[in-house]
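Chemist: Okay, structure incoming, though there's no sequence with it:
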């Protein structure tokens, strides 16, 4: 495994745990207790964590300044394909979210604004999960050194 | 990923060049070993600059390393450029 491949595997596992759990708990707290500082700070944590995930690979490479190549054009292509796949899934997710909400409350019903953060966190988590999972699948097996 | 049926002689050329390892070729071409593995297996078609760098690592021409089957024209190639 090269570093980009390891990153995609690690983020596929770690990212949903770090973002989905605090995000879901925060939404639950907003539902039960209203917009208190605790859920708001948890939302902030998720946003900061998401930013760190995006920045981490670039920062690590800057720190190490290794001459060994850790990613190349194929890695870039794999991540681009992953982002395209994630984009498609994101649209499907929003379509399903709208239809489910419509189906649950009916045409005359109303949806709480508290649903919006839930949908948003779900979208961010799903996008990153699909992107990294698609990247990991595209890498396939590492192969043998010859 | 797009491979466009491009065949290559990388394995044979590595053998001819003192049994060069995939990592050594990767270092010379400026890519990861996984990319060399994918190219060698025909699972990934390299960009033109990378193809030149690989050919240069073997001190030969791109045509000597990569081959495109005769008489096979991609559907996009017949379309005029915009």
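Modeler: Cool, got the structure. Owing to the predicted nature of the structure, the values given are computational and were not obtained by experimental measurement.
Chemist: Get me the contact residues on chain B for chain A.
Modeler: Within chain B, the positions near chain A by C-beta under 8 Å from any C-beta of the partner chain are B:1, B:11, B:14, B:21-23, B:26-27, B:30-35, B:37-38, B:41, B:43-44, B:46-47, B:50. (Each C-beta comes from the backbone N, C-alpha and C, glycine too.)
Chemist: Quick one: buried ones out of those residues?
Modeler: Buried members of the residues of chain B next to chain A, scored by 16 or more other C-beta atoms under 10 Å in any protein chain shown, are B:14, B:22, B:26-27, B:31-35, B:37-38, B:44, B:46, B:50.
Chemist: Most widely separated two among the residues you listed?
Modeler: B:27 and B:44 (18.0 Å; C-beta to C-beta).
Chemist: Check chain A and tell me which residue is nearest its centre.
Modeler: residue A:128 (2.7 Å; C-alpha atoms, centre = their mean).
Chemist: buried residues in the helix or strand that that one is a member of?
Modeler: Secondary structure from DSSP states H and E places residue A:128 in helix A:115-139. Of the residues in helix A:115-139, those buried by neighbour count under the rule 16+ other C-beta under 10 Å are A:117-119, A:121-122, A:124-136, A:138-139.
Chemist: Of the residues you listed, which are in range of chain B?
Modeler: A:138-139.
Chemist: Run through the helices of chain A in chain order.
Modeler: A:3-15, A:21-33, A:37-64, A:73-105, A:115-139 (DSSP state H).
Chemist: Output these in CSV, with mean pLDDT and distance to residue B:61 appended to each entry.
Modeler: Below are these laid out as CSV (pLDDT from 0 to 100; distance: least, C-beta to C-beta, whole Å):
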stretch, mean pLDDT, distance to residue B:61
helix A:3-15, 70, 30
helix A:21-33, 73, 55
helix A:37-64, 70, 33
helix A:73-105, 92, 21
helix A:115-139, 83, 30
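Chemist: what's the closest of those to residue B:58?
Modeler: helix A:73-105 (19.2 Å).
Chemist: other SSEs contacting the closest one?
Modeler: Packing contacts for helix A:73-105, counted by 3 or more C-beta pairs under 8 Å, 6 or more residues apart in numbering or on different chains; DSSP states H and E, involve helix A:3-15, helix A:115-139, helix B:33-40.
Chemist: what comes up buried for stretch A:29-48?
Modeler: For stretch A:29-48, by 16+ other C-beta under 10 Å, it's A:29-30, A:39, A:42-43, A:46.
Chemist: Put together a markdown table for those residues, with distance to residue B:58 on each row.
Modeler: Listed next are the buried residues of stretch A:29-48 as a markdown table, based on distance: C-beta to C-beta, whole Å:
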| residue | distance to residue B:58 |
| --- | --- |
| A:29 | 62 |
| A:30 | 62 |
| A:39 | 60 |
| A:42 | 56 |
| A:43 | 55 |
| A:46 | 50 |
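Chemist: All set now, cheers.
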